[in-house]
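[1] Fold the stuff below for me.
(3 chains)
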Amino acid sequence: MERLLNFLDLDGYGQFIWAAYGLTAFVLIGLAVQSLRFQARTDAELEALHASPETTKVERASNEAKE
Amino acid sequence: MAPFLALLKRDLKLAARHGLDSFMVVAFFVLVVTLFPLAVGPEQAILGRIGSGMIWVAALLSSMLSMDRLFQQDYEDGSLDLLVLSPMALELLVLAKTLAHWISTGLPLIIASPLLGVLMNVSSAGYGTVILSLALGTPILSLVGSIGAALSLGARRGGVLISLLILPLLIPVLVFGVSAVETGLADLPSRSEFLILGAMLLVALALVPYAVAAALRQALE
Amino acid sequence: MLSQAIKPHAMQVKGSAKMHRFANPTRFLRLVSAIKPWATGVCLLTFAAGLYFALFASPPDYQQRETVRIMYVHVPAAWMAMFCYAALAAASASALIWRHLVADMVARATAPIGAAFTLLALATGSLWGKPMWGTWWVWDARLTSVLILFFLYLGYIVLNGAFDDASRGARAASILAVVGAINIPIIKFSVDWWNTLHQPASVVKLDGPAIHMSMLTPLLLMAIAYTSFYIWILAIRVRAEINTSKIRALQIRRVTASDVPWNDS
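    You can find the predicted model right below:
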């Protein structure tokens, strides 16, 4: 336990070091989550557009040809 | 050269007809500088120390203020399309418009600057360098600002957007403009600062018209 | 990274078939989804290893003591801040020159990642400065340059979103990115000059003597982790950008089809 506290304290600089690492984790994970949701949202929207009956056969064919 | 001069004359005439605009820029310039003694206190020594910097910052802000109308009106009434289609190189026409903008807003700032020097307790030996540094610097402000004006044509938020785009790019002008005045005031040779300012003006003159012309072409596509 | 992957092909103007190979969004998407799992794997592995070395398996610096551990998240962030702007400018330039749709999307996807790295470089630098310099912020040349870089990213992102027509925003922002890239050396030079005039007293230089191997290992591992993180996120965002443009095209087609009665489809 004491060793753990000692490690977390990092010679008295613990608050700065953990704040830096925590902030980095927060920003990078936040960016990753936001990007993944961006992709999921547009994926779903595109899927819905493709699947909707309003999409004509021609459109669907041309989209499939593209992919 | 005839279209260049014609466009210059037209823009100057338009600016003169709306003389209030030039007046507004100068009034804003003076007003911003007036705020500083009220904010930091009226001590003459402090004002003298920060005066040249304040004048430069105020010049930067007030030249941004007038930037959004550089191409806006021509864009709205369609004359910009005619300029783009004209046989004259668009880069030169851009230069004519920027020159007209500088004469109608940059020049009044330079003329007003000694007055602000007096208000800010800048020692009278510095007036010459303030004027010279602004004379070299304000054309760069107009040139680089015209990039922002062209890029933000038709954007949803015009005025503030230009400042956000352009002010970071203008930091070198601010740094060398102020340090030219300050080294002059400290009785040190300020030749190199003026030479660098002059070099930046020449580079801006050579490169900026291409960027603005590209921006205008894509705005009208 | 990815923008560099396109560039050599785009450079060969003569071999136009090659030049347009990756300009096709679908083909580019296939390339992206092939790279993505590798980038994700490398990212997670190097992050784990890098964090282990950074926090446990490296010694404290004799001068900066434990605070040197902030370097392992700070310095790679600063590197990536500059690398992302280079990628942004290169992608923007090729978007302007060759009108590649994909280059536009790479640029647009890079901007928020670069801005995030720049923000991290500033914030972790500040957290390092407080115990080392006794203050959160000093107007030192490097900090000031990175702050200006952050504003350049902000300008790009805001201009990109400022138009109703997304393709106009992309083109205007590309021009801004190229202008910014030309301006960056001048800004750097002027900030250095300004800093020598107003040298703040009692600043401990963070770049001391040559870095010891035990510190280089976590630093390089974290640098690889950050770079592969960039590629991973870029792959996700480029795909989302391509989706967005496909959705827009489909919607426009639908509106034109339903509004025009004689368009019998």
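
[2] Count residues in the vicinity of residue A:17, would you?
    Residues near residue A:17, counting by other C-beta atoms under 10 Å in any protein chain shown, number 26. To be clear about C-beta, it is placed using only N, CA and C from the backbone, and glycine gets the same treatment.

[3] now residue A:33
    Residue A:33 has 10 neighbours, counted by other C-beta under 10 Å.

[4] Residue C:245 too?
    Residues contacting residue C:245 under the criterion other C-beta under 10 Å number 17.

[5] now the one 3 residues further on
    The criterion is other C-beta under 10 Å. On that basis, residue C:248 has 12 neighbouring residues.

[6] now residue C:178
    If you count neighbours by other C-beta under 10 Å, residue C:178 ends up with 20.

[7] Report pLDDT for it.
    For residue C:178, the model assigns a pLDDT of 92.

[8] dump the residue contacts of it.
    Counting by C-beta atoms under 8 Å, 6 or more residues apart in numbering or on different chains, residue C:178 touches B:211, C:89, C:92, C:93, C:96.

[9] For the stretch 101-250 of chain C, which residues are neighbours of chain B?
    C:148, C:151-152, C:154-155, C:158-159, C:162-164, C:168-169, C:171-172, C:175-176, C:178-180, C:182-183, C:186-187, C:189-191, C:193-194, C:197 (C-beta under 8 Å from any C-beta of the partner chain).

[10] Would you write a PyMOL line that selects the buried entries of these?
    Filtering these down to the buried ones (16 or more other C-beta atoms under 10 Å in any protein chain shown) takes a single PyMOL command:
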select buried, chain C and resi 148+151+152+154+155+158+159+162+163+168+169+171+172+175+176+178+179+180+183+186+187+190+191+193+194
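
[11] Keep only those of the residues of the stretch 101-250 of chain C next to chain B that are in strands.
    If you go by DSSP state E, those have nothing in strands.

[12] Name the next helix or strand downstream of the helix or strand hosting residue B:62, please.
    Per DSSP states H and E, residue B:62 falls inside helix B:44-65. Sequence-wise, the next helix or strand downstream of helix B:44-65 (DSSP H and E) is helix B:72-77.

[13] Can you show me the CA trace of that following helix as PDB?
    C-alpha atoms of helix B:72-77 as PDB (Å, rounded to 0.1, in the frame of the first residue of the first chain):
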ATOM      1  CA  GLN B  72     -18.200  42.000 -50.400                       C
ATOM      2  CA  GLN B  73     -20.000  44.600 -52.400                       C
ATOM      3  CA  ASP B  74     -18.500  43.600 -55.700                       C
ATOM      4  CA  TYR B  75     -19.400  40.000 -54.900                       C
ATOM      5  CA  GLU B  76     -23.000  40.900 -54.200                       C
ATOM      6  CA  ASP B  77     -23.600  43.100 -57.200                       C
END
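
[14] pLDDT weak spots in chain A?
    Counting by pLDDT under 70, chain A contains low-confidence residues at A:1-12, A:53-67.

[15] ok and the residue in it nearest chain C?
    Per C-beta to the nearest C-beta, the residue of chain A with the smallest distance to chain C is residue A:42, at 3.4 Å.

[16] got the contact list for that residue?
    By C-beta under 8 Å, 6+ apart, the neighbours of residue A:42 are C:239, C:240, C:243, C:244, C:247.

[17] Looking at those, which one is closest to residue C:32?
    Relative to residue C:32, the closest of the contacts of residue A:42 is residue C:239; by C-beta to C-beta it sits at 6.3 Å.

[18] wait, does stretch C:128-147 contact chain A?
    Yes: legend: contact between stretch C:128-147 and chain A by C-beta under 8 Å from any C-beta is shown at C:128, C:130, C:131.

[19] so where's the longest helix in chain B?
    helix B:191-220 (DSSP state H).

[20] Quick check: of the contacts of residue C:178, which has the highest neighbour count?
    Of all the contacts of residue C:178, residue C:92 has the most neighbours under the rule other C-beta under 10 Å, reaching 30 neighbours.

[21] I'd guessed that residue sits against residue C:174; true?
    Yes: under the criterion of C-beta atoms under 8 Å, residue C:92 makes contact with residue C:174 at 3.8 Å.

[22] okay, and the common contacts of those two?
    Any residue near both residue C:92 and residue C:174 by C-beta under 8 Å, 6+ apart counts here, and that gives C:104, C:107.

[23] picking up where we left off before, mind giving me the packing neighbours of the longest helix of chain B?
    For helix B:191-220, the helices and strands in contact under the criterion 3 or more C-beta pairs under 8 Å, 6 or more residues apart in numbering or on different chains; DSSP states H and E are helix B:79-85, helix B:90-101, helix B:127-151, helix B:171-185, helix C:166-197.
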